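Visitor: Based on what follows, work out the 3D shape:
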Amino acid sequence: MYRYKDLIIRKFKFEDIPNKIKWINDSKNNTYLHYDLPLEYDKTCAWFEKNKDRQDRFDAVIEYNGIPVGLIGLLSIDYKNKKAEDYIVIGEHQYKGKGIATRAGHLNQLYAFEDLQLNKVYAYTEVENEKAMKLDLRRGFEVEGCLKQDLYMNGRYIDRYCLGVYKDKYVIPEGVFREDV
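Guide: From the prediction side, this is the model:
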């Protein structure tokens, strides 16, 4: 797995469920997340058991100096077409705005490109979510297009950008090293 000296992403474990529930149920975190809220312990345990061994997704925890601070991963991993959807959320407010999400995103992309041998990582960002757009652009994503009225949430249609980053254009960031675990 790739890491920075002070930052890693590691596979999501059963013990991470309380943090996931806390982070996702926090209204400061979930404005642009598409979950059936509130997350509940029993349902989240069932989600974990159902998904923990799937090969078409990678769910991970972001740790900064050994402290769990957020969630990251890859959804809809498509080995035939060599692509997957990226997701990320920093759950602990005191760790937002410190570059952690940018660096964790790079680690997630390296895992996709180097370990899974994917060619493309894509993400969806709501048009209104300027912070996520800035984060995705910092992580090397390019806007591929706008999906009009792509989701129906809370009684309204939502437009989303589709963004992508590609293996042949990706440069490993400074300070990253590989650590086999």
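Visitor: what about this structure, any weak spots by pLDDT?
Guide: Along the chain, segments meeting pLDDT under 70 span 181.
Visitor: list the contacts for the residue lying farthest from the centre of it?
Guide: Going by CA atoms, centre = their mean, the residue of the chain most distant from its centre is residue 155, 25.9 Å out. Neighbouring residues of residue 155 by CB atoms under 8 Å, 6 or more residues apart in numbering: there are none. C-beta here means a position set from N, CA and C on the backbone, and glycine is covered the same way.
Visitor: likewise the one 3 residues further on?
Guide: Contacts for residue 158 (CB under 8 Å, 6+ apart) come out as 126-128, 149-152.
Visitor: Buried ones only from the residues you listed, please, as a ChimeraX command.
Guide: Buried members of those can be picked out in ChimeraX with the line below, counting by 16 or more other CB atoms under 10 Å:
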select :126
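Visitor: In strands, which of the contacts of residue 158 appear?
Guide: Among the contacts of residue 158, the members found in strands (DSSP state E) are 126, 149-152.
Visitor: where along this structure do the helices fall?
Guide: Along the chain, the segments classed as helices by DSSP state H run 17-25, 41-51, 100-110, 130-138.
Visitor: what's the last one packed up against?
Guide: Contacting helix 130-138 under the criterion 3 or more CB pairs under 8 Å, 6 or more residues apart in numbering; DSSP states H and E are the following elements: helix 100-110, strand 120-126, strand 156-166.
Visitor: That helix vs strand 156-166, what angle?
Guide: 20 degrees (axes from the mean of the first three to the mean of the last three CA atoms, to 10 degrees).
Visitor: Same check on the first one?
Guide: Helix 17-25 and strand 156-166 meet at an angle of 120 degrees, taking the same axes, to 10 degrees as the criterion.
Visitor: Tell me which residues touch the closest residue to residue 139 other than its chain neighbours, please.
Guide: Among residues not flanking residue 139 along the chain, residue 105 sits closest, at 4.2 Å (CB to CB, 6 or more residues apart in numbering). Taking CB under 8 Å, 6+ apart, we find residue 105 in contact with 72, 86, 88, 135, 139.
Visitor: And residue 105, how far from residue 39?
Guide: Relative to residue 39, residue 105 is positioned 23 Å away (CB to CB, to the nearest Å).
Visitor: do the same with residue 143
Guide: Residue 143 is 30 Å from residue 39, by CB to CB.
Visitor: neighbour count winner among those two?
Guide: More neighbours surround residue 39 than the other of residue 143 and residue 39, with 17 against 13 (other CB atoms under 10 Å).
Visitor: No more questions from me, cheers.
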